[in-house]
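>>> 3D, please:
(3 chains)
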Amino acid sequence: MLSKQKLRIAAFSTAVIAFAAMSGSALAQKKYDTGATDAEIKIGNIMPYSGPASAYGVIGKTEEAYFKKINAEGGINGRKINFISYDDGYSPPKAVEQVRKLVESDEVLLVFNSLGTPSNSAIQKYLNAKKVPQLFVATGATKWNDPKNFPWTMGWQPSYQSEARIYAKYLIKEKPDAKIAIMFQNDDFGKDYLKGLKDGLGAKASMVIAEESYEPTEPTIDNHIVKLKATGADVFISITTPKFAAQAIKKLAEIEWKPLHILSNVSASVGSVIKPAGFENAEGILSAAYAKDGADSQWDNDPGMKKFFTFLEKYYPEANKLDGSVVYGYGVAQTMVKVLEMCGDNLTRENVMKQAASLKGFAPDTLLPGVTISTSPTDFAPIEQLQMMRFKGEKWELFGDIISGELSH
Amino acid sequence: MSAVEDVVTEAPAVEAVPKRAMTLGYGTSLVMLGLLIVAPMFVKNFIIFQLTMLLIYGLAVLALNILTGGSGQFSLGQSAFYAVGAYTSAILMEHVGMNYALTLPIAGIVCFGFGFLFGQPALRLSGVYLALATFALATAMPQLLKLGYFEHWTGGVQGLVVTKPDAPFGLPMSQDMWLYYFTLVVTIAIYIFSVNLLRSRSGRAFMAIRDNEIAASAMGIDVALYKTLAFGVSAGITGVAGGLGAITVQFVAPDGYTISLAINLFLGMVVGGVGWLPGSIVGSAFIIFVPNIAEGISKGLSGAVFGILLFLVIFLVPHGARQVAIVAQQLIGKLKKN
Amino acid sequence: MELFTNQVLAGIATGAIYACMALAVVMIYQAIDHLNFAQGEMAMFSTFVCWQLMQWGVPYWGAFLITLVFSFAGGIAIERLLFKPLAKAPILTNVAGFIALYAIINSVAGLIWDFTIKQFPTPFGSSPFLGSQLISTHQAGMIGVTLMLLVLLFVFFRFTRMGLAMRAAASLPESARLVGINTSWMIALGWGMAAAIGAIAGMLIAPVVFLEPNMMLGVLIYGFAAAVLGGLTSPLGAVVGGFLVGVFENLVGTYIPGVGNELKLPIALALIVTVLVVNPAGLFGRPIVKRV
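Predicted structure coming up:
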């Protein structure tokens, strides 16, 4: 009898210790901020479901499906996720309206994966003043990693600049006499990337012999490519969104221009860029990746991707597996869930930020083998690693080491 | 070129609205005013923010109404003037350190000049051609704002963050509430100015041009002057609205002022009733709240739901809120008689 | 010099896209006397229908023909259902209707076919045309089809009773009714034809720009500009306008130092506005004289 009780106590205390270890400093005492209760956690989000960037609306839908899965499996520490996602039409004034609605009317605990540099810039100051976490924003601008001035804002994917530096490093090493022609989209994405490239080239920036910008409203970019070919460049860097990347790949083949073609990760999707542009036109293209590609057959037997495919089948059957945004939404939603699990019963906004800033070697199912998420109170850039890859046949072949694109200040 | 010239009796694009019918009676105006003053005291800050935006877009729609309903000129380029106003305020506040209230008249004057100049070539254009020219302006504006040469001032593609003003004299109200009342005062002042403008000599000249340009010129109206003036005034008011918008949203970026803003303002005018100034606020409510409603009904099809709601409105009341107001007026008249 | 020739040729190749769309714009203008903002979306939707048919195994030309018939019927249906009830409403209300239609089609296409880009086949192949790497056989074929459509339209409007009736119904509806033309059906017919021409434009443009719900957004702006530059009443003007816009835009981008590339669209548009100010009816349009 006595021994049984002792055993019970022992078991109980082990559980407590394990629990305490799991949830950090937050012991059994429950702590909540607005948006969290015993029963649910409210997460806010804005996405361009309508308007020119509506292609990215898929990310929001994938996240919704993922949280549905989490809820069906019992939620996070027993709490259900209530995911409230609004349309901002990619317009900053609308983004401010919707985020204020989320914070002041729906009273969410945090804003998660809001999309677009302009929209996030518009809401950053407000959310930081209100001390509401703006977690894992869906943009690769470098400015989200600024814990000193904006302690409530954190990015997720590798920054455009760090990716561009990897290409610069590669070129300096492999092709030191290159004549580089760059084509970039005339917006925050293109400009940030261009800066990264030039910073990376440093003293060798004179290798760039032509820069050509295009507007996203242009129907085709064929004429820009004709112009770049005329410069006699032997390296072509394409800082483009999917449609224009595909046009460029096709046009290059049509006019029989065969430079070393480097493609930004934004448009490296096999299903939504390379395949429509034609596999035969894409041979030898270089890019870098941090996530697996749902359309790439080499991952068919990967355990992480298998989980991903099962999830799609059950919770989001109408999704297009070829769309890179689906893989993205899954990975980032998984990171969110991880952070909330780490918070345990201390669901204050402060603790959410604290836990988000103490991720160590976390690897969502959809990231490349070896790429992990790590953050610290001074490092708000969750994913910083990429691996270079070359297109061959019908898929990407990874090569070289996993490189950290960390910006050395 | 064909020797035969088409002779067209062009039906005026905008139907004649008598000037009294362009405004509200005193009683109704006072009730509206009372509602606008009291409303923010009972709602959350977020709703106050929405109400402020309602007034701001209302101003911009009103400006378009003066141009189209008043002088019969059509514009799909109002977003360009709105953007110039917004950037003028933002740059003066952030780079020069000027008080927000002082930036508004400057934004208005800059846009007045800009609109007046744009009105010059527009003089030669009408109908679809004017629509295209203004459409071109709206398409070009975000690209101009991104231009590298102005980047130091405009912040280029990254935009500019604007500081939100506190209530002055230590008034015990939130920033949002203060900004609402501030916007309300500006809106009322501009509304009264517009009503008087349309009732003045200039207003009558606008309407004569709207109803029949050739006849107006035969009566001795300086058509060119009044048409460009209408453009200038409309742009000036839009500029003030833009400036207020920048202060309220606390951010300006090229993506905020695309052609879709111009189209929204246009829809606001149609829904409110072309040529009926009080309808501007109804139109503004439409463009702010209907997308939210559409989204609530279906996320994937929010665009389609919005389109269907818009169709419903124009089927039921092709003349916009003005038609509703007229019907209501008649009903009240009947009730009084009984 | 070589760069100049290259840019002119590349401009003609892009110009073919604008010309194609501009023809559809002129067609609807002839029928209803204003511009239809939803025209690009209608063309996009038709192109998706064709793509879907091919996914189901219908061969190219079969799918092409079915799409034409579908678009023609669809155009008429839209007019009868949505715009006939608005016939007496003010013009601006009609324009609001076009915008509503735009929103509906764009959103429905996005839901059915999502926003990833799709490859669209071309019947002409995409090898270099006559040894020139700047114009592919597809683009040459596109120019050919555009010119053929142009001739057909010209003959239709000039020499057939129906074409004449349609023009009459659009420009002087009351007089047309007096001479016994069923103006209401003429308008519906115009919608049908405009939708069919738009569908051809869409199917020719898609192989170059890739098929996705927003593909016509930029094309429509250029199509409007081209049609207006050429004169909205003239199919020939529309086609010439299309090529001019394409070439001009390229030359601005190449030769104006500093801002040329970033501002080529605004500069091209400014030039069109200048042309209109000098000649308000466009290059080939008939001058309009107003009666008091």
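>>> of all the residues in the stretch 201-338 of chain B, which ones are close to chain A?
Proximity of the stretch 201-338 of chain B to chain A (CB under 8 Å from any CB of the partner chain) is limited to residues B:245, B:249-256, B:258, B:260-261, B:288, B:291, B:295, B:299-300, B:302-303, B:306. (Each C-beta comes from the backbone N, C-alpha and C, glycine too.)
>>> measure B:W276 to B:T103 for me?
To B:T103, B:W276 is 30 Å away according to CB to CB, to the nearest Å.
>>> Correction: the previous question concerned B:T163.
B:T163 sits 12 Å away from B:T103, going by CB to CB.
>>> same thing with C:T122?
Distance from C:T122 to B:T103, by CB to CB: 54 Å.
>>> Between those two, which is the more surrounded one?
A count of neighbours by other CB atoms under 10 Å in any protein chain shown puts B:T103 above the other of C:T122 and B:T103, at 24 against 19.
>>> List the residues that contact that one.
Neighbouring residues of B:T103 by CB atoms under 8 Å, 6 or more residues apart in numbering or on different chains: B:T88, B:S89, B:L92, B:M93, B:G243.
>>> Save those as TSV, and put in distance to A:I41 and neighbour count too.
Output for those, formatted as TSV (distance: CB to CB, whole Å; neighbours: other CB atoms under 10 Å in any protein chain shown):
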residue	distance to A:I41	neighbour count
B:T88	43	25
B:S89	39	29
B:L92	43	20
B:M93	38	21
B:G243	40	34
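>>> Reformat those residues as a markdown table; add secondary structure and pLDDT.
Converted to a markdown table, the contacts of B:T103 look like this (DSSP: H, G, I helix; E, B strand; the rest coil; pLDDT from 0 to 100):
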| residue | secondary structure | pLDDT |
| --- | --- | --- |
| B:T88 | helix | 94 |
| B:S89 | helix | 94 |
| B:L92 | helix | 93 |
| B:M93 | helix | 91 |
| B:G243 | helix | 95 |
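>>> Closest one to B:K146 out of those residues, please.
Lowest distance from B:K146 to the contacts of B:T103 (CB to CB) belongs to B:T88, with 16.9 Å.
>>> related to what we said a few turns ago, give me the common contacts of B:T163 and B:T103.
B:M93.
>>> By proximity to chain C, which residue of the stretch 1-150 of chain A wins?
A:A55 (3.5 Å; CB to the nearest CB).
>>> Now that residue: closest residue in space that isn't a chain neighbour?
The shortest distance from A:A55 to any non-neighbouring residue, by CB to CB, 6 or more residues apart in numbering or on different chains, is to C:F115 (3.5 Å).
>>> need the contact list for residue 280.
I went with chain A, as the question did not name one. A:A253.
>>> Let me rephrase: I mean chain B.
Going by CB under 8 Å, 6+ apart, B:S280 touches B:G58, B:L59, B:V61, B:L62, B:N65, B:G268, B:M269, B:G272.
>>> Now do the same for the last one: its pLDDT.
This means B:G272. B:G272 carries a pLDDT value of 90.
>>> try the first one
Predicted confidence (pLDDT) for B:G58: 95.
>>> I'd guess A:D293 is in a helix, am I close?
No - checked against DSSP: H, G, I helix; E, B strand; the rest coil, A:D293 lies outside a helix; its state is coil.
>>> Pull the number of nearby residues for it.
Neighbour tally, A:D293, other CB under 10 Å: 25.
>>> Quick one: neighbours of the nearest residue to it once chain neighbours are set aside, just the number.
In space, and not counting its chain neighbours, A:D293 is closest to A:V270: 5.2 Å by CB to CB, 6+ apart. The number of residues packed around A:V270, counting by other CB under 10 Å, is 21.
>>> I'd say A:V270 and A:K292 touch.
No - with contact defined as CB atoms under 8 Å, A:V270 and A:K292 do not form a contacting pair (10.6 Å).
>>> Secondary structure element for A:F236, which one?
Here A:F236, judged by DSSP states H and E, is contained in strand A:235-239.
>>> roughly how far out does that strand sit from the chain middle?
Strand A:235-239 sits 22 Å away from the centroid of its parent chain (CA atoms, centre = their mean, to the nearest Å).
>>> In that strand, which residues are buried?
A:V235, A:F236, A:I237, A:S238, A:I239 (16 or more other CB atoms under 10 Å in any protein chain shown).
>>> Leaving out chain neighbours, which residue sits closest to the residue of the stretch 201-350 of chain A found nearest chain B?
Closest contact between the stretch 201-350 of chain A and chain B, by CB to the nearest CB, is at A:E215 (6.3 Å). Counting by CB to CB, 6+ apart, A:E215 lies nearest to A:N186, which is 5.5 Å off, once chain neighbours are set aside.
>>> Run through the stretch 51-200 of chain A and note the low-pLDDT ranges.
For the stretch 51-200 of chain A, applying pLDDT under 70 flags no range at all.
>>> Show me which residues of it sit near chain B.
Near chain B, when you scan the stretch 51-200 of chain A using CB under 8 Å from any CB, you find A:51-52, A:57, A:60-61, A:85-87, A:89-94, A:96-97, A:100-101, A:103-105, A:116-118, A:121-122, A:124-126, A:186-188, A:191.
>>> Just the buried ones out of these, please.
The neighbour-count test (16+ other CB under 10 Å) marks A:51-52, A:57, A:60-61, A:85-87, A:89-94, A:96-97, A:100-101, A:103-104, A:116-118, A:121-122, A:124-126, A:186-188, A:191 as buried among these.
>>> domains for chain A, by residue range?
Following automatic domain parsing, one finds the domains of chain A at A:40-158+A:298-378, A:160-289+A:389-404.
>>> so who does residue 204 touch?
Because you didn't say which chain, this covers chain A. Residues counted as contacts of A:K204 (CB under 8 Å, 6+ apart) are A:I172, A:P176.
>>> my bad, chain C
Taking CB under 8 Å, 6+ apart as the test, what C:L204 contacts is C:A16, C:I17, C:C20, C:G141, C:M142, C:V145, C:T146.
>>> ok, the second one to C:V252 distance?
Distance check for C:I17 against C:V252: by CB to CB, it reads 17 Å.
>>> Chain A contacts on the stretch 51-200 of chain C?
Contact residues (CB under 8 Å from any CB) of the stretch 51-200 of chain C with chain A: C:103, C:107, C:110, C:114-119, C:126, C:128, C:133-134, C:136.
>>> Repeat the analysis, applying 10 Å as the threshold.
C:103, C:106-107, C:110-111, C:113-120, C:126-128, C:132-139 (CB under 10 Å from any CB of the partner chain).
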